[in-house]
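In: Structure for this input, please:
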Amino acid sequence: MVSSLDKQIDAGLFRGGFGTYVAAGTMESTMDHVHSERIKKADHLFHTGRLQEAREICLGVLESYPEHSGSLSLLAGIAYEEGMLDSALALYERAIRVSPDSGFHPYNMGVITRELGRLEESVSYYKKAVSMMPDHVESWFNLGDVLQSLGRIGEAINCYEKAVGVRPDYDKAWNSMGILHCRMNRLEYALNCFNKAIQIEPLSARAHNNAGNVLRALGRAEDAIAAFDRAIEIEPHYAAAYNNRGVALSEKGMFGAAIHDFRKAVEVDPQYAESYSNMGSTFRKQGRVKESLSCHRKAMEINSTNADAHCSFVFTLQYDPEINGESLLAECREWDRRHGSRELPPLHENILDPERRLRVGYISPDFSAHAISFILLPLLAAHDKTEVELFCYAEVPRPDAVTESFRECADSWKVTVGISDTDLDAIIREDRIDILVDYGGYSSNNRLKLLTLKPAPIQVSTLFGHGGATGLKAFDYVLTDPCLTPEGFESHFSEQVVRLSHHVAPFRPLSTWPEVSSLPAARNGKVVFGSFSSPDRISPMAVSVWCRILSRLPGSRLLLKHPAFSDSDTRGLWAESFQAFSERVEIEDVPEGWGRNMEVYSRVDILLDSLPVSGHTSSLIPLWMGLPMVSLSGRHARQRFGTSILCNVGLADLVAENGDAYVEKAVRLGSDLDRLDGLRKTLRERVAASPICDAKGIAREIEDCYRKMWRAWCARTDMRGTS
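Out: The predicted structure is shown next:
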C-alpha cells in the first residue's frame, strides 16, 4: 500500500464565503432616507437570489450617486455570484477608492483574486483586510488558506493561530492548523488541533476523519479505526472516511474488510482515484495481481497526474508473471515523462577534486525494522569513513530501534518526512552531496519526484525497493551483480549498469536467531517444503509447479507462512488454490512477528523460492537456518535474486531454467535425505563464508565504483560545475 495515496487530510473546498456586501459605515452620511431604504431592499433581494432586481436598484442609485460605495459593493457581489470575477474586481476597485476605510472591500477582493488564481495579490488584499479588521476571523482564516496554497506553511499556521486567538471556538481554523502540522510531521500537534475541533463541534465528520489519519500515522490503529467509524456514523456517505478506514484496516492485515471499504468509497465517489489505487495495493497484498493492476489503471485513468498512483502501478507490474525487463523499463520511462521535472537542474557546485573524500547520500523510506535493514545496515556500517562521508535522508514515518542503528552509522542524519521536494532539493545541494544513492525505487513513501530534480551530480539506483530500472533520466548508474543482470540485460535499464563481482548487497543475520535444528524429515519421516513469500510473489505458475512437486512426492507437505495470511479472506483464497492438496498444505500467519516465529525453520526441510518473482531476505534467512532452496532463473532482475544467492553460496545446481526443471530439482532434493542432512549441517557456515556475508568486501567494491563514477564526472565537468 502506498500510504501517501490515502486522503490523509480532507481540507474541503476553499472556505470563507464572499463576505459582507453592505457593512456598517460604508454608506455615505449624506445619502437620503429613500436611497438608504432602496439599498437595504437590494441587499435583501441579493441574499434571496433575486440578482437582476437587486442590480436594477443599484444602477438606479448610481444614476444619482455615481460613486456610491454601497451600490458598487453590492454590484460587485452580484457580478461575483454570476461568475463575472473580473467585473466584480473592477467594481470593488471603484468602491475602495470611494470608501478606503472599509476592510470588507480588500477582504472580498482577496476572495476574488484567490479564485482567479492570483495568489500573491490575494495575500496582499487579505493582509490589508486584517490590518484594518484585526478581529475579523474570516480574513485571518482565508489568508492562512492562501498562504497554505503557496506553500508558506509557517505563515499560514500563524494566521490560523490569530483566528483562534480572536475566536477560540473557530473549529475550522483548528482543523486547518491540524492539517498543516500533519504535513510537517508534527503529529502530536496535529492531533491536539483536531481534538480541539471535535470538542468545539462534536458532529464534525471532517475533524474525526482527520484525527483518524493522525492516529493511524502514530501507529494507533484501533483508535484510528474508531475515529473513522465515528466520521462515517455522522456522515454515512463520506467517501474519504471509508477510504481512510480501508487504509488502516489494510495496514492491520485485514485485507477483506479494507477492500469492502474501498469499494464503498468508490461507490460514493466513482472518481475517487486514490481509493482505486489503495484497493489495488490491497489486492496485491492478497496475491490478486491482475485485479490489482486493473484498479491502478482505473486510478490513472481518472487522474493521470497522480504520481503516487502511477508508482503503485509500476511497483505492482513487477509481479505480473508475463512482464519482461523491456516492458518494465517502458512503463518507468512513462512515469518519468508524466511526473518528472521538465526543468534543467541548476549547476552543481561540488569541489572538482577526483581523489578527495566523497560525500555520499543514501535516501530511503526503510531505515527501520524493514527487510532491507538486513542488507543496507551492514553496508553502511562497513563503509570506510576515510573514503566516504555518509549522509542519510530518512523518509521514515515511524522510526523504531533499528532506525537508531542506522542513525549511528551516519555522519549526517536528516528526517525528510514533511519536507517538500523543492526544499529537500535545496538541502541536499547545500550538503554538497557528490553521489546520491536511492533505496526506495517505486515502493511506498519513495522520493522519486525529488530525485527527478537531480539534487546530486551523480545519482545511483539499486534493485531494492523496486527490482528494476527507474526509467528516470536523472539517474546515472544502477548497482547490480552478474547473476541478477547477466550480459544482455542492459536493455532493461535506463541507467548505466555497474556490476559488482559477486553479490549486490551484504547480508547480516541477527545474533538472536536460534541454532540450526536437526533435519525435520529425519524426525518425522516426511519431507516438508516451505514458502515464506508474500502472496503477490506466488503466481499461478508457482501454484501449478508446487502442486506437481507434491504429486511426485507422496506424503510430502507444503507450508505457506506469511503475515498476510492473518486475513481470513486471504487464507481462504489460497486454500482454494491448493484445494487438490488441502490435506497436505498448511497456511499460517506470523503472530507477533517473525522474531517470535523462528521455530518454523525447524519444521521445514526445503525452501521453495517464489516464481517467477523471487525473494531476497525471505530466502537468505531460511538458508541461514539450514534450509536449502530451489529457485527459478527468470527473465529480468526481479526474478533472479534466488539465482544470485544460490550461485554465491555454491548451490548453482539448485537453480532451474524452467518450471519442469524446477520440479525435477525439488523432487530430486526431497528424495535425497542424506544430501538434505548434509546441507542442514553446513549451510550456515557456507553462507557465512560466502561473498554474501562479506560486508567489508562489498563495501570496498562499492566505494571503488563510487570513486570511478566521481572521477568520470570530474573529467567531463568544466570549472563552472556543469556536466
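In: how about the helix or strand where residue 714 lies: buried residues?
Out: If you go by DSSP states H and E, residue 714 is part of helix 695-715. Across helix 695-715, burial judged by 16 or more other CB atoms under 10 Å covers 695, 697-699, 701-703, 705-707, 709-710, 712-714. C-beta here means a position set from N, CA and C on the backbone, and glycine is covered the same way.
In: domains for this structure, by residue range?
Out: As recorded under automatic domain parsing, the domains making up the chain are 3-238, 358-499, 520-693.
In: So for residue 301, which of those sits nearest?
Out: Nearest to residue 301 among the domains of the chain is domain 3-238 (15.1 Å), distances taken as CB to CB.
In: Looking at that closest one now, give me its mean pLDDT.
Out: Domain 3-238 comes out with an average pLDDT of 83.
In: From the centroid of this structure, which residue is nearest?
Out: residue 445 (3.0 Å; CA atoms, centre = their mean).
In: Residue 156 contacts residue 142, doesn't it?
Out: No. Look at residue 156 against residue 142 with CB atoms under 8 Å: they stay out of range, at 10.7 Å.
In: Which of those two has more residues huddled nearby?
Out: Taking neighbours as other CB atoms under 10 Å, residue 156 and residue 142 compare with residue 142 leading, 28 against 22.
In: where along the stretch 551-700 of the chain do the helices fall?
Out: Assigned by DSSP state H, counting those that start in this stretch, the stretch 551-700 of the chain shows helices spanning 568-577, 617-624, 641-648, 659-670, 673-688, 695-715.
In: just how off-centre is the third one within its chain?
Out: A distance of 30 Å separates the C-alpha centroid of helix 641-648 from that of its chain, computed with CA atoms, centre = their mean, to the nearest Å.
In: Which residues outside it are in contact with it?
Out: Residues from elsewhere that reach helix 641-648 (CB atoms under 8 Å, 6 or more residues apart in numbering): 467, 481, 483-484, 502-504, 609, 614-616, 619-620, 623, 629, 631-634, 652, 654-655, 690-692.
In: hmm, 7 Å instead?
Out: Contacts to helix 641-648, defined as CB atoms under 7 Å, 6 or more residues apart in numbering, come from residues 481, 483-484, 502-503, 609, 614-616, 619-620, 629, 631, 633, 652, 654-655, 690-692.
In: Just the buried residues of the residues you listed.
Out: 481, 483-484, 502-503, 609, 614-616, 619-620, 629, 631, 633, 654-655, 690-692.
In: Which ones among these map onto strands?
Out: 629, 631, 655 (DSSP state E).
In: can you redo those as CSV with distance to residue 308 and pLDDT?
Out: Listed next are these as CSV, based on distance: CB to CB, whole Å; pLDDT from 0 to 100:
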residue, distance to residue 308, pLDDT
629, 34, 98
631, 32, 98
655, 36, 98
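In: Is there a neighbour count for the residue nearest to the residue nearest to the centre of the chain when sequence neighbours are not counted? I'd like the number.
Out: Spatial nearest neighbour of residue 445, excluding adjacent residues (CB to CB, 6 or more residues apart in numbering): residue 365 at 3.6 Å. Using other CB under 10 Å, residue 365 has 25 neighbouring residues.
In: Just list the residues touching residue 365, thanks.
Out: By CB under 7 Å, 6+ apart, the neighbours of residue 365 are 395-396, 440, 443-446.
In: Going by neighbour count, which of these comes out on top?
Out: residue 446 leads these on contacts (other CB under 10 Å) with 27 neighbours.
In: List the contacts of that one.
Out: With contact set as CB under 7 Å, 6+ apart, residue 446 has these partners: 311, 365, 440, 465.
In: Let me see the mean pLDDT of the helix or strand encompassing the first one.
Out: If I follow you right, that is residue 311. Assessed by DSSP H and E, residue 311 sits inside helix 307-317. Helix 307-317 shows a mean pLDDT of 96.
In: Heading C-terminal from that helix, find the next helix or strand.
Out: Next helix or strand after helix 307-317 toward the C-terminus (DSSP H and E): helix 325-339.
In: Distance of residue 151 relative to residue 119?
Out: Using CB to CB, to the nearest Å, residue 151 is found at 10 Å from residue 119.
In: Settle it for me: which of those two has more neighbours?
Out: More neighbours surround residue 119 than the other of residue 151 and residue 119, with 15 against 12 (other CB under 10 Å).
In: Hmm, the more buried one is touching residue 150, no?
Out: Yes. Between residue 119 and residue 150 there is a contact under CB atoms under 7 Å: 5.5 Å.
In: wait, doesn't residue 443 sit right on residue 465?
Out: Yes. With contact defined as CB under 7 Å, residue 443 reaches residue 465; the gap is 4.3 Å.
In: what residues are shared contacts of residue 119 and residue 150?
Out: The overlap between the contact sets of residue 119 and residue 150 (CB under 7 Å, 6+ apart) is empty.
In: quick one: average confidence on stretch 321-331?
Out: 95.
In: If you count neighbours, what's buried in stretch 76-96?
Out: Those would be 76-80, 85, 87-89, 91-92, 94-96, for stretch 76-96 by 16+ other CB under 10 Å.
In: actually stretch 253-273, sorry about that
Out: For stretch 253-273, burial by neighbour count (16+ other CB under 10 Å) applies to 253-262, 264-266, 268-269, 272-273.
In: Distance from the helix or strand harbouring residue 52 to the middle of the chain?
Out: Using DSSP H and E, residue 52 sits in helix 51-64. Here helix 51-64 is found 55 Å from its chain centre; the criterion is CA atoms, centre = their mean.
In: what's next to the next helix or strand after that helix, contact-wise?
Out: Sequence order places helix 69-81 as the next helix or strand after helix 51-64, per DSSP H and E. The contact list for helix 69-81 (CB under 7 Å, 6+ apart) reads 18, 21-22, 26-27, 39, 42-43, 46, 51, 54-55, 58, 61-62, 87-88, 91-92, 94-95, 98-99, 105, 108, 112.
In: Identify, from the buried residues of helix 695-715, the entry nearest to residue 380.
Out: residue 699 (8.6 Å).
In: so who does that closest one touch?
Out: 379, 382-383.
In: do the same with residue 686
Out: Residue 686 neighbours (CB under 7 Å, 6+ apart): 649-650.
In: Okay, it and residue 517: tell me how far apart.
Out: For residue 686, the distance to residue 517 equals 17 Å [CB to CB].
In: same deal with residue 320?
Out: 37 Å.
In: Ok, residue 658 next?
Out: Taking CB to CB, one finds residue 658 at 33 Å from residue 517.
In: same question, residue 442
Out: Separation of residue 442 from residue 517 (CB to CB) stands at 38 Å.
In: Tell me which of these two has more neighbours.
Out: Neighbours were counted for residue 442 and for residue 517 using other CB under 10 Å; residue 442 has more, 26 against 15.
In: Hmm, that one is touching residue 314, no?
Out: Yes. Applying CB under 7 Å as the test, residue 442 and residue 314 come out as touching, 4.6 Å apart.
In: now for the helices of the stretch 551-700 of the chain, which one comes closest to residue 432?
Out: Among the helices of the stretch 551-700 of the chain, helix 695-715 sits nearest to residue 432 (CB to CB), with 12.6 Å.
In: nearest to residue 304, of the buried residues of stretch 76-96?
Out: The closest of the buried residues of stretch 76-96, once distances to residue 304 are taken by CB to CB, is residue 85, at 28.2 Å.
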